[in-house]
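*Asks:* Turn this into a structure:
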Amino acid sequence: MKKNLFFRLRLTAALPVFFILLAFSGCGYGVSSDWVMFRGEGGRGYSSDKIYPPVGIKWKLQLQEGSARERHFNPPVVYKNTLYFGSSDSNFYALDINTGFMRWVFKTRAPVNSVPYVDDDKVYFGSTDGYIYAVYHKSGDPAWEHFTGFPVNSTIIGYNDSIVFTTDTGATHFFSKDGVELSAVTNYVWEYNSFQINNGVVYFLPGPEDDPFSLGAYSIDENRFLWLFRTDEDGLSWYSFPAVSGNAVHFAACGVIGNQFLFEYYALDALTGEIIWKNTEITDPVDYENYIAEDLFWENIYLLDYMAPAVWKENVIYSPGNDSLKAFKSETGELVWERKFDTPVSSAPSVAGNRIYLGTRGDKYLEINPSLKSIDAGSGKVLWEIDTDGEILSSPVIAGRWIIFGTGENYLYVLEEMF
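*Replies:* Take a look at the predicted model:
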């Protein structure tokens, strides 16, 4: 996701780490399914894996016991039964998905808010200390590191024999997997950049020097922008991760007007950048007055997948950060269904098979607990839910029989389909 310079974020401080393994399950050994790309297959928030109830907690792990509430917990990646993720305690972790056993920990100099990329040899991630790191994922030993001079709070994407990442108000960098910088495109404005690469094109790359408030489609091989999308519309300051499906780029934008959200949902032509459809909505945070729109907005934009769409069949699905989940026709923008909740949604949706998974916030005044919800993708009907310790921050990762997410109370959960 992206964020304008004049809405600059304050980083959370590094805190001590304590690990408490709370629950185990003996089943699941020998099962392997990877989730190595941010937002899953094609960046569409979708997995072909199907999860059927009953579903139970395999294990959960608390980081930073007794610490302040977490503000971000971006999705992990899964590779060969190992979870890889960073934390605001400045550590990067590799955990066995079956047991929660810590394979290794790599210490950086500041909070880690990037989403990593993993290949057959190394895992690559950035830190707010300004470094991009490559670590051998079997041992946790450093392969190389490079100081960029700016916080690295972006997705890390692999492309052929290179990796791509963006530094906050610095540049988008193209590095070889051996740590050699190949090229860079200046980024004067954007922070917390999440992008994807589809057919050699980066969607969205921060705009060029002469149009820095834009986002564009950038051809890696041609080393040029194919088109730009202007982002200087009044009231909007957040632009989501884009999902490319067919010939369309789907994304959303958000801003706050008084105590109301301004939401815009877009489909752009992937080749030209022209608008296929656009929906605009101004709405309250929820149907009652326990929440302040600006507070929710500032919490949400710590998350690289805030407002990221999930594409399922002919629909594109959004949870914009208020109390709703909605599905639009991907070709026309027609509203297919909308589901309202008693509290705001806390995470972006992920889809596995024909089920949507996402988190909702708790409310102590209404005695409602935060929870993970499973929802029918065709109708929006809630099928089941599980209470969680803290609101779910990262969009659930679906890998084989497992559902994985982090919460605002510093817990990492692994749920498992039970046979």
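*Asks:* which SS state does the residue nearest the centre of the chain fall under?
*Replies:* The centre of the chain sits closest to D305, judged by C-alpha atoms, centre = their mean, with a distance of 3.0 Å. Under DSSP: H, G, I helix; E, B strand; the rest coil, the three-state class of D305 is coil.
*Asks:* now the residue lying closest to I275 once chain neighbours are set aside: how far from F213?
*Replies:* Spatial nearest neighbour of I275, excluding adjacent residues (C-beta to C-beta, 6 or more residues apart in numbering): L268 at 6.0 Å. Glycine gets a C-beta too; all of them are placed from N, C-alpha and C. Relative to F213, L268 is positioned 17 Å away (C-beta to C-beta, to the nearest Å).
*Asks:* Which one of the two is surrounded by more residues?
*Replies:* When L268 and F213 are compared on other C-beta atoms under 10 Å, the one with more neighbours turns out to be L268, at 24 against 15.
*Asks:* Neighbours of the spatially closest residue to S48 that is not a sequence neighbour, how many?
*Replies:* If the residues on either side of it in the chain are set aside, S48 comes closest to E41, at 6.9 Å by C-beta to C-beta, 6+ apart. Here the count is done by other C-beta under 10 Å, and E41 has 13 residues near it.
*Asks:* so where does F165 fall, helix or strand?
*Replies:* strand 162-166 (DSSP states H and E).
*Asks:* State the mean pLDDT of that strand.
*Replies:* For strand 162-166, mean pLDDT is 97.
*Asks:* Counting by contacts, list what it packs against.
*Replies:* strand 122-126, strand 157-159, strand 171-176, strand 201-206 (3 or more C-beta pairs under 8 Å, 6 or more residues apart in numbering; DSSP states H and E).
*Asks:* Identify whichever of those lies nearest to L335.
*Replies:* strand 201-206 (24.4 Å; C-beta to C-beta).
*Asks:* ok, back up a step: return the per-residue confidence for the residue nearest to S48.
*Replies:* For E41, the predicted pLDDT is 74.
*Asks:* now the one 4 residues further on
*Replies:* pLDDT, G45: 93.
*Asks:* Tell me the spacing between it and V185.
*Replies:* Counting by C-beta to C-beta - G45 and V185 are separated by 26 Å.
*Asks:* more neighbours, these two?
*Replies:* Using other C-beta under 10 Å as the criterion, G45 and V185 rank with G45 on top: 31 against 21.
*Asks:* What sits closest to the more buried one if chain neighbours are left out?
*Replies:* Spatial nearest neighbour of G45, excluding adjacent residues (C-beta to C-beta, 6+ apart): A310 at 3.2 Å.
*Asks:* who's in contact with the one you found?
*Replies:* A310 sits next to 39, 44-46, 243, 316-318, 348-351, 356 when contact means C-beta atoms under 8 Å, 6 or more residues apart in numbering.
*Asks:* And for M307?
*Replies:* 1, 238, 240-241, 251-254, 300, 318-321, 348.
*Asks:* please redo it, this time with the cut-off set to 10 Å
*Replies:* 1, 238-241, 251-254, 263, 265, 300-301, 318-321, 348 (C-beta atoms under 10 Å, 6 or more residues apart in numbering).
*Asks:* Just the buried residues out of those residues, in ChimeraX syntax.
*Replies:* Only the buried entries of these go into this ChimeraX selection, using 16 or more other C-beta atoms under 10 Å:
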select :1,238,239,240,241,251,252,253,254,263,265,300,301,318,319,320,321,348
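*Asks:* What mean pLDDT does stretch 207-223 get?
*Replies:* Per-residue scores along stretch 207-223 average to 94.
*Asks:* For this structure, which segments count as helices?
*Replies:* 293-300 (DSSP state H).
*Asks:* Tell me where it is predicted with low confidence.
*Replies:* The chain contains residues with pLDDT under 70 at 1-32, 65-71, 287-289, 419.
*Asks:* how near is the residue nearest to the centre of the chain to G170?
*Replies:* D305 is 21 Å from G170, by C-beta to C-beta.
*Asks:* cool, R44 as well?
*Replies:* 28 Å.
*Asks:* And N187, by the same measure?
*Replies:* Separation of N187 from G170 (C-beta to C-beta): 6 Å.
*Asks:* Could you do F106 as well?
*Replies:* Distance from F106 to G170, by C-beta to C-beta: 22 Å.
*Asks:* Ok, P285 next?
*Replies:* 33 Å.
*Asks:* do L262 as well
*Replies:* Taken as C-beta to C-beta, the span from L262 to G170 is 28 Å.
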